[in-house]
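K.L.:
next one to model:
(3 chains)
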Amino acid sequence: MTEPLLSVRDLKKHYPIRKGIFNRQVGAARAVDGISFDIERGETLGLVGESGCGKSTAASSVIRLEEPTAGEVVFNGNGRENATRNADGTHPNDVTAFDDEELKAFRRGAQMVFQDPSSSFDPRMSIGNAVGELLKIHGMSDRYRRRAIVEDLLERVGLSGNDFDRYPHEFSGGQKQRIALARALVLNPDLIIADEPVSALDVSIQAEILSLIDDLQEEFGLSLLFISHDMSVIRQICDRVAVMYLGEIVEIGPVGEIFTDPQHPYTEALLSSIPTPDPRASVGGIELKGTVPSPTNPPSGCRFHTRCHRVIQPEGVDVDQDDWRGLLNFRESVATGRVDIEQVRESLTAGGEEPTDRAIQAELREEFDIGDSIGDEDLEEAFTESVRLLLDGNAERAGQFLEERVTTPCAQTVPERTVHSPDHESACLRHEGRASAEPNPADD
Amino acid sequence: MPSDQLLEVEDLTTTFGTDDGTLTAVDGVDFDVDTGETVCIVGESGSGKTVATESITRIIKTPPGEIEGTVRYKGRDLLAMPESELRDIRGNEIAHIFQNPQEAMNHCYTVGWQITEALQIHQDVSDEEARAKAVDLMDRVGIANASARFDDYPHEFSGGQKQRVMIAMALVGDPDLLIADEPTTALDVTVQAQILRLLDELQEEFDMGVLFVTHDLGVVAEIADRIVVMYAGKVMERGGVLDIFDHPAHPYTQQLLECLPEFGGTTVGGIPGTLPDPHDPPDGCRFAPRCEYAEGACRAGEQPEEIEVSPGQRVSCVHYRPGMDPSVVRNDNFEPVGGDGAADGEGGVSRADD
Amino acid sequence: MATESPEQFDQVDWNDLSRSGRFDLSINSIGMLVTALPLALLGVYDWRFVGDRTATFEFVGLDRTLETVDFLFIFTLLLAFWYLVLPLYQNPRRTRYYWKEFKRNRPAVVSLGWLGIVFVGGIVGPLVMNAPQQELLIAYQPPVFTSVVDTTPATCVGEVINGRCHGTWQHPLGTTNAGRDVFTMIVYGMTISMQIAFITTTIVATVGITFGTLSAYAGGWVDEIMMRFTDIILSFPTFLMFLLILYIYGAGLGMFIVVFSLFAWGGTARYVRSKSLSISEEEFIKSSRISGASTYQVIRGHVVPNVASSIITQLTLLIPGFLLYEAQLAFLGIGDSTVPSWGQLIAAGRSDLSFAPWIVLAPGIVLFLTILAFNFLGDALLDALNPEAEAENA
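P.N.:
Just a heads-up that it's a prediction; the model follows:
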């Protein structure tokens, strides 16, 4: 098999958090925390996830718009094919180790398209010059030659050569995105990273731009890293998809398999939140509650366990999955001191007389979607006991108590990657025990 | 005309005086909303959908704007009403939520303060009562631990939570009509699903009419009862959600649907051409310059009158006039290509569910 | 590979190209260099080889001399031509757009016309008109269409009717107490005003933009030190400093311009810094960096042009301040009495206000109009140079 065009291994980008007058580093926001993927020549890899999952940071680290904290980005395009590793294990094509000269050459091999068409062009530069700027930077000093190339390229992306002298404000969002594509293409790169290129556009314009990207990719044999939060867009344009959650890739595989047979619960949830243009389909599926947790202090074990609808129950426990989810949420809220028992009491009092302890317990059950009785004696007892502790005003003790009694393997074990079929891997504990992923030869 | 409808908009025209002449954003548009139903106005940016909804309660600046026509809300004409009376209705009986919750909030005040302020503008309640009610509203729109978050500032909320707060602010006056202008466009898909679900629940709870503006037909399919398709300031087609999705009559509606991945997506490549210049709209049907079925009759006179093609579904297209052959444009076999669209992804999920 | 069709982007051999030289001067820079070089040579010649009393152009038989201020002025004019006027001509599309926006503001168009007159008058006037000579005999001539009691002027140039001396076209704005023609003085004053305007703007813009962008891009301690230095500049008592210099060295117009502009860039630098910081967050800066541009290229190509157009307004509004300052100093008698500025003219006429008010009024009105024009212009430029606002409607 031929080498991939781009090969990312264990890429990390941490933003230090500093505090105090001495700017001491007190922690780090782990925006990207060890992701690995390959992109073959001519292939489109989608990177999908909610905002805050680190997908844009991943893109700018890969292209070295920001310096990655750790990891390796091997780029085999640009005439650097078939390089072999150095004796000390470093790769001569590792972008993160490029010096200025090599980096400038790398810019000709990899370009980027940004999300916001309104801010991606200098308002005081004609779009022809904005596209031609790249040629100039890379040493083409003949302005007539530049102009000829850019005019030709503008026509290829569906504009006219006469648009050369027009300014960004004279174009619509869709047209600007075409120009942005022209700018990314003008140095004839092997790889284009597109960071949400159609999210700011109307659906009808989205379709235009996506089909243009498709055509250009075919014509010039481009590889594409396509970043989006919108699964339906990913489906249209990508060959493979990597699903990112909180700085990690939780599932990666061919687009068809991911859509028909998602293995990670997060992928399932993402898929079910796509609005379907079928009025008969009920608003349904899996609702992801809450938002992505802070990357400064990511949850232990599987990072998705705090929102997962399939969170695993411990050995010997078999209760209703909704109750189990609710109980875990309750545990989390109590442990972080977010359950205000006085508030619950107050809101119940507003409805009439002083509420009984039983009423408060019922209210809590309702708030956390826990059934009237949990189908497991131990857990039921743990719940009632913790509520009693809460009522006694002993919130801290209640938190500790719950942490001891209600546990899930998901919070304790970091899931390994499991291979489901060639190319399709996911990181979920439920698949543990099946064939785990072959350690990637590039890793060691 | 009996005015049992909650909101009736008739011949609404909104123009803006600009340096380059008069810009007609909305050009003689009719629609109505009944209690408890959701009407979606669908169109691309520049179709005038936002201006149309903002004209209802006259939140458009006049001048340069000028609003004509009638907007009857519970039988009273909002456009003829003095500003002081309208102020009692606006934000109280008729509430607005907007696309960008970041911009709609004041970052100098706590979220709770902003909700109570909205409350006290319209109702004479004490500070304690206002606070209790605000916390209750925050709770109802799904903000966990509402009383603790009451004193937080907007920047401490995520985008989805801010939109929930905006909805809470919209609900302070127990509105009968909620106008939602692309409330989910700026949000992630997962959060969008949450917000749509919330709106659905609240509509039932408050028995509101909802006027929902969006360009995303996927969202429309989830929440709409009826649809009004707008293009370049005119209504192209209207009808029940099933009618529009099953047999869209207007070529524009059809092409809009074909832009969706499930109906063709990339293979179609969008709708060729661009919106007409609002300073100088074309004669005849506004869509004619971009329409593949356009003929001579389409390019003369006014926008064609609306013709009923099935009960409740009306279309403004010359091909449906008596004596014309509607089969030219009619495409009754409108359904997702391949049938293995997102529905299949959904199927995969439910399979895994059991 | 000479083909009929235009060259396409995927046919460029980059390895070949990027090895070739990268030294690439724009036509503007070449023009600037070519024209500034003779000026510099002339300056050196004037400084080293020409005696203090000898006129600069003695060697071609012209009795004209150039002061330091004149050299600076010509240099700024060259800068303005190559980097302001020529780009406007090179980008007709953008120029038309700016003009379309600009001409909406009627008072600004009138102001521009007035400033054009002052500018042309200031450049051409001294070349075609002789410097006003002292002629005590014809002192206190009234302006044309007016008359004074014929005892006021020593001799009346115009007609004397009923004991009143009438003004003539020979001295359309009358003469001063020394018999100098007020109109000629005002035209010569235009030169001074334009010199003040151009030189101060250039100094403030150069120092302010350099300081602001450097500070923004350096960040950290460098930024901190540069900005604290700016604070010192801003809180420096410029006027006292000027008085000090005045008493030690005596202060000419050149000294006035240099001292005041060297202490006036603080606000500009601060503004440029914050503007640069916000511009560097824009996606077009990211895409320029990704295209391989060096930090210098990014700043020179994107940050400075965007900053410059937004500080033009601020600079335009600085000029009236300098003009007024000069006039005030002249009025107080601590200006440069050797230059025929409007302030000096007003100062000279203040004792004759009761019987010869035109000596004060004529330059006073011209000064007032000029300052008003700069203010109107600044306002209109703010609107015209802001294409983003328009882009929102697209």
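K.L.:
for the rest of this, base every contact and every neighbour count on C-alpha atoms.
P.N.:
Noted.
K.L.:
point out where the stretch 251-354 of chain B drops to low pLDDT.
P.N.:
Scanning the stretch 251-354 of chain B for pLDDT under 70 picks out B:264-269, B:330-354.
K.L.:
so who does residue 264 touch?
P.N.:
In the absence of a named chain, this looks at chain A. Counting by CA atoms under 8 Å, 6 or more residues apart in numbering or on different chains, residue A:264 makes contact with A:250-251, A:426-428.
K.L.:
the intended chain is chain C.
P.N.:
Residue C:264 touches C:204, C:233-234, counting by CA under 8 Å, 6+ apart.
K.L.:
excluding chain neighbours, what is closest to residue B:206?
P.N.:
In this structure, residue B:206 finds its nearest non-sequential neighbour in residue B:174, 6.9 Å apart by CA to CA, 6 or more residues apart in numbering or on different chains.
K.L.:
would you agree that neighbour is in contact with residue B:93?
P.N.:
Yes: using CA atoms under 8 Å, residue B:174 is in contact with residue B:93, at 6.6 Å.
K.L.:
residue A:71: what secondary structure?
P.N.:
Following DSSP: H, G, I helix; E, B strand; the rest coil, we place residue A:71 in the strand state.
K.L.:
same check, this time on residue B:205
P.N.:
helix.
K.L.:
before we move on, what about residue B:84?
P.N.:
helix.
K.L.:
what's the burial count for it?
P.N.:
Number of residues near residue B:84 (other CA atoms under 10 Å in any protein chain shown) recorded here: 8.
K.L.:
close enough to count as contact, residue A:287 and residue A:268?
P.N.:
No: contact status for residue A:287 versus residue A:268: not in contact, 10.1 Å apart, counting by CA under 8 Å.
K.L.:
that older thread, restricted to strands, list the contacts of residue A:264.
P.N.:
With DSSP state E as the criterion, strands contain A:250-251, A:426 from among these.
K.L.:
lowest-confidence one in the residues you listed?
P.N.:
The weakest per-residue confidence within these falls on residue A:426 (89).
K.L.:
what sits closest to that residue if chain neighbours are left out?
P.N.:
Nearest non-adjacent residue to residue A:426 (CA to CA, 6+ apart): residue A:251, at 4.0 Å.
K.L.:
identify the residues contacting the one you found.
P.N.:
A:242-244, A:263-264, A:267, A:424-427.
K.L.:
if you set the cut-off to 7 Å instead, what comes out?
P.N.:
Contacts for residue A:251 were tallied using CA atoms under 7 Å, 6 or more residues apart in numbering or on different chains; they are A:242-243, A:264, A:425-427.
K.L.:
would you mind giving these as TSV with distance to residue B:41 added?
P.N.:
Output for the contacts of residue A:251, formatted as TSV (distance: CA to CA, whole Å):
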residue	distance to residue B:41
A:242	35
A:243	33
A:264	36
A:425	42
A:426	41
A:427	42
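K.L.:
pick the one among the residues you listed closest to chain C.
P.N.:
Distance to chain C across the contacts of residue A:251 (CA to the nearest CA) is lowest for residue A:242, with 23.8 Å.
K.L.:
sorry, back to before: comparing residue B:174 and residue B:93, which residue is more hemmed in?
P.N.:
Neighbour count, other CA under 10 Å: between residue B:174 and residue B:93, residue B:93 has more, with 21 against 16.
K.L.:
chain C versus the closest residue to that one other than its chain neighbours, what's the distance?
P.N.:
Setting aside the residues directly before and after it, residue B:93 is nearest to residue B:175 in space (CA to CA, 6+ apart), at 4.1 Å. Separation of residue B:175 from chain C (CA to the nearest CA, to the nearest Å) stands at 32 Å.
K.L.:
got the contact list for residue B:175?
P.N.:
B:92-95, B:208.
K.L.:
at 8 Å instead, please
P.N.:
Per CA under 8 Å, 6+ apart, neighbours of residue B:175: B:91-95, B:206, B:208.
K.L.:
now residue C:149
P.N.:
C:163-165 are the contacts of residue C:149 under CA under 8 Å, 6+ apart.
K.L.:
quick check, pLDDT for residue 170.
P.N.:
Went with chain A since none was named. Residue A:170 is given a pLDDT of 84.
K.L.:
wait, chain C was what I had in mind.
P.N.:
At residue C:170, the predicted lDDT confidence score is 83.
K.L.:
picking up where we left off before, helices - which of the contacts of residue B:175 land there?
P.N.:
residue B:206 (DSSP state H).
K.L.:
find the pair from the contacts of residue B:175 with maximum spatial separation.
P.N.:
Using CA to CA, the pair of the contacts of residue B:175 lying farthest apart is B:91 and B:206, separated by 15.1 Å.
K.L.:
look at these two and report which has more neighbours.
P.N.:
More crowded of residue B:91 and residue B:206, by other CA under 10 Å: residue B:91, with 25 against 14.
K.L.:
by contact count, what packs against the helix or strand harbouring residue A:145?
P.N.:
Applying DSSP states H and E as the criterion places residue A:145 in helix A:143-156. Counting by 3 or more CA pairs under 8 Å, 6 or more residues apart in numbering or on different chains; DSSP states H and E, the packing neighbours recorded for helix A:143-156 are helix A:127-137, helix A:173-185.
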